[in-house]
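Participant: Here's my sequence, what's the structure:
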Amino acid sequence: MHGTPHIVSDVMTRTVTAVGRGTTFKEIVRIMQDRKVSALPVLEGDGRVVGVVSEADLLPKEEFRDSDPDRYTQLRRLSDLAKAGGVTAEELMTAPALTTRPGATLAEAARTMARAKVKRLPVADEEGLLTGIVSRSDLLKVFLRDDEGLAEVIRREIVSYLFPLLSSAVHVQVHDGVVQLSGRVRDTSLVPVAARLVRAVEGVVDVDFDLDRSCHEPLRPPESPSRAGRP
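Facilitator: Numbers count the residues shown, from 1 in each chain. The predicted structure is shown next:
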């Protein structure tokens with residue numbers, strides 16, 4: 001259902017600027033400024049990702065440039081102090097590299113970013129070779145799907161599936177990614193199921209229901225002529 005989910009390879013940037021282990025501190029800063037990026041994959045050999053160097057890895061050099069940290073700071077921020085003395089990508093990078101796969105879903109990549117508190121992830125294949133990079137903004141591209149396209153997917157793959165006998169009585173409208181379902185349903189226990197499935201459609205911001213009071217009761221079949229009018 002919901003068509004084929006988008007995966008990382010659908011939205012990632014394929015042309016990636018990377019550096020080698022021996023790239024110097026100053027060159028890393030220059031590349032970041034020129035390319036307007038805040039992190040660079042570090043590669044070795046034929047393109048295997050071995051680490052990532054980010055602005056956060058570079059800042060300790062400035063932070064501790066004219067300070068003499070106390071014993072507590074030295075113990076608490078041992079890694080940052082080591083990076084403050086680094087002069088090459090190998091000494092500055094965060095390793096092993098946190099990466100994602102080309103076939104990972106956007107939700108999986110988003111969870112990895114959120115847990116690691118990073119803004120982008122190198123994309124590596126099964127051999128560990130760099131194939132692209134995906135950023136937070138890339139993952140948000142699914143929310144640019146047009147409203148009518150979303151409505152059509154929901155009508156075809158959710159409404160007609162859950163309410164096959166009454167699909168014409170359930171109306172779907174989408175505005176700015178917010179889905180509104182209205183109409184009559186026979187089995188109201190399916191309403192939360194519909195809500196869950198609609199929210200799972202990539203590009204949906206939220207879902208609302210506009211159901212009349214009568215929609216909360218099962219629809220009764222019409223009375224037969226022989227029973228009509230009887231007490």
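
Participant: hey, let's count contacts and neighbours off CA atoms from now on
Facilitator: OK.

Participant: Could you list the residues in contact with the helix or strand of the chain with the lowest mean pLDDT?
Facilitator: Here the helix or strand of the chain ranked lowest by mean pLDDT, DSSP states H and E is helix 71-76, holding a mean of 72. The set of residues that contact helix 71-76 without belonging to it, under C-alpha atoms under 8 Å, 6 or more residues apart in numbering, is residue 81.

Participant: Give the next helix or strand downstream of it.
Facilitator: Following the chain from helix 71-76 toward its C-terminal end, the next helix or strand by DSSP states H and E is helix 78-84.

Participant: For that next one, list every residue counted as buried.
Facilitator: 80, 81, 83, 84 (16 or more other C-alpha atoms under 10 Å).

Participant: Can you tell me which of these comes closest to residue 196?
Facilitator: Looking at the buried residues of helix 78-84 and their distance to residue 196, the nearest is residue 80, at 43.7 Å (C-alpha to C-alpha).

Participant: Correct me if wrong: that closest one contacts residue 60.
Facilitator: Yes: counting by C-alpha atoms under 8 Å, residue 60 is a contact partner of residue 80 at 5.8 Å.

Participant: got JSON lines for the buried residues of helix 78-84, with pLDDT and distance to residue 158 too?
Facilitator: What follows is the buried residues of helix 78-84, written out as JSON lines (pLDDT from 0 to 100; distance: C-alpha to C-alpha, whole Å):
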{"residue": "80", "pLDDT": "78", "distance to residue 158": "51"}
{"residue": "81", "pLDDT": "78", "distance to residue 158": "55"}
{"residue": "83", "pLDDT": "86", "distance to residue 158": "52"}
{"residue": "84", "pLDDT": "84", "distance to residue 158": "55"}
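
Participant: From residue 152, how far out is residue 201?
Facilitator: From residue 201 across to residue 152, the span is 11 Å (C-alpha to C-alpha, to the nearest Å).

Participant: and those two? which has more neighbours close in?
Facilitator: Ranked by neighbour count (other C-alpha atoms under 10 Å), residue 201 and residue 152 place residue 201 first, with 18 against 15.

Participant: And the pLDDT at the more buried one?
Facilitator: Among the per-residue scores, residue 201 holds a pLDDT of 91.

Participant: and if you look at the one 5 residues further on?
Facilitator: Predicted confidence (pLDDT) at residue 206: the value is 93.

Participant: Before I go, just wanted to say thanks for your time.
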